[in-house]
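**Student:** I need the structure of the sequence given here:
(one chain, ligands or ions: 1)
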Amino acid sequence: MTEACGLVTVHRVTAVINVPRIIRIRSHSPSTETVYIRLLLGQTPKLWEEAAEALAVALKAERVGVERVRPQVIALVVQRSEPFTESIIPPDLLGDSDAVDLSRVYLGETEHGSDWYAPLIGQHWLVGGATGSGKNSVTWMALRACAPLIRDGLVRVHVVNPKGTELNALRPVSYRYAETDGDIMEVIQGFWTTMQDRKKVLAEQGRRTFAMSRETPLDVLVLDELGAVTGYGDRSLTRGAQAALPLILSQARALGGSVIGALQEPTKDVIPQRDLFSLRVCLRATSAGHVDMVLGEDMRRRGALADEIPNVPESAGIGFVVKQRSRTPVRVRAAYCDDSDIAELVRVAGWPVSELATARQA
Ligand SMILES: Nc1ncnc2c1ncn2[C@@H]1O[C@H](COP(=O)(O)OP(=O)(O)OP(=O)(O)O)[C@@H](O)[C@H]1O
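**Tutor:** Prediction:
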């Protein structure tokens, strides 16, 4: 098979064929396994990345991803069938702020059968995907984690919802909320002003790093349909947003500001400073070019085939993220918050502590 895919070397003099050696195979589930391979002298991981499609055909797999493990060793992630056949139910919502760890927010599961976590505090997230791909699930999971903190004044949510759909459930628990162009600009500029004020507070307190408290809460800016805000919306809005967002993205992290942006059509002009988003998720995409636009250069070649995720409701919430250390795409599925999960989040986030305690006793 490696010979057919052009992954062997032939000794110039003896004509002996050298075949790459499999070091180890790990099976994560009936659908996905990882094959660790020692590269032959003269081979590069890029050679294997370029052969990934041929390998997938030869292995009768849906997808082969290539991970750089260490010098001379790569891992092939062989996905034989869809690992996510059921939607994922979110874990119970925590009612106690002290129990929430925003450096490790549960978002769903990975193709390796492990839980998918991401830090939210002091981080920015970007979720790209076609319409109906389930982008909001990632936002809902972040906000479910934040629910008791919102109630206790430790997290404030600033919501920009140009489409006026789904996220409007957040209106009662938002610190600021906007749907129209004028209001959207106010929320974005208000967020930037909050960050500048925070800078002064931290300087007065003689602190260089942000710590979440009622005096200095974590401010989360939720931007649905980033494209309308920065790209194809009204000129006065997009010009203002294009000026403010790069400042927010580059400075807010250290000041207790996090941005969660969702995007349907990822093109260069609508993504402000992609690299400042520490978590980038690409759900089902409509074109191969969109994948690298969200996840970064070469990510599709390394196995993030988000444009091949079928356009069916059963695929919603499935996509790819990039492993920080090895810069390898991992297939993930976000947990799905249905209407009752969203209602619960709003209820917990909106209830003063005293009322919640009374309700619990009842
Ligand atoms: N994580 C998920 N798991 C399973 N099903 C999901 C998930 N997320 C969303 N869905 C289903 O897919 C449908 C579309 O999701 P949603 O509207 O959130 O997509 P979207 O990417 O936000 O689309 P748009 O950009 O058009 O708003 C939902 O109505 C829901 O039934």
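**Student:** show me what from the stretch 51-200 of the chain comes close to the ligand.
**Tutor:** For the stretch 51-200 of the chain, the contact set with the ligand under Cβ under 6 Å from any ligand atom comprises 87, 129, 131, 132, 133, 134, 135, 136, 137. Where you see a C-beta, it was placed from the backbone N, CA and C, and this is true even at glycine.
**Student:** give me the number of residues near the third one?
**Tutor:** When you say that, I think you mean residue 131. 10 (other Cβ atoms under 10 Å).
**Student:** now the second one
**Tutor:** In terms of burial, residue 129 registers 29 neighbours under the definition other Cβ under 10 Å.
**Student:** report the closest residue of the chain relative to the ligand.
**Tutor:** Proximity of the chain to the ligand (Cβ to the nearest ligand atom) peaks at residue 317, 2.2 Å away.
**Student:** what ranges does the stretch 251-362 of the chain have for its helices?
**Tutor:** 288-295, 339-350, 353-361 (DSSP state H, counting those that start in this stretch).
**Student:** confidence-wise, which of the ones you listed is weakest overall?
**Tutor:** Lowest mean pLDDT of the helices of the stretch 251-362 of the chain: helix 353-361, a mean of 46.
**Student:** list the contacts of the residue of the chain closest to the ligand.
**Tutor:** Contact analysis of residue 317 by Cβ atoms under 8 Å, 6 or more residues apart in numbering lists 84, 87, 88, 108, 133, 134, 137, 283, 333, 334, 335, 336.
**Student:** excluding chain neighbours, what is closest to it?
**Tutor:** Excluding the flanking residues, the one nearest residue 317 by Cβ to Cβ, 6 or more residues apart in numbering is residue 134, at 3.8 Å.
**Student:** and that neighbour, what are its phi and psi?
**Tutor:** Dihedral pair for residue 134: phi 100, psi 30, per degrees, to the nearest 10.
**Student:** from what I can see it touches residue 316, true?
**Tutor:** Yes - if you go by Cβ atoms under 8 Å, residue 134 and residue 316 touch, sitting 3.7 Å apart.
**Student:** which residue is the nearest non-sequential neighbour of the residue nearest the centre of the chain?
**Tutor:** The C-alpha lying nearest the average C-alpha coordinate of the chain belongs to residue 281 (Cα atoms, centre = their mean; 3.4 Å). Once flanking residues are discounted, residue 281 sits nearest to residue 127: 4.7 Å by Cβ to Cβ, 6+ apart.
**Student:** the host helix or strand of that neighbour packs against which elements?
**Tutor:** Using DSSP states H and E, residue 127 sits within strand 125-128. Packing partners of strand 125-128 (3 or more Cβ pairs under 8 Å, 6 or more residues apart in numbering; DSSP states H and E): helix 135-151, strand 257-263, strand 279-283, helix 288-295.
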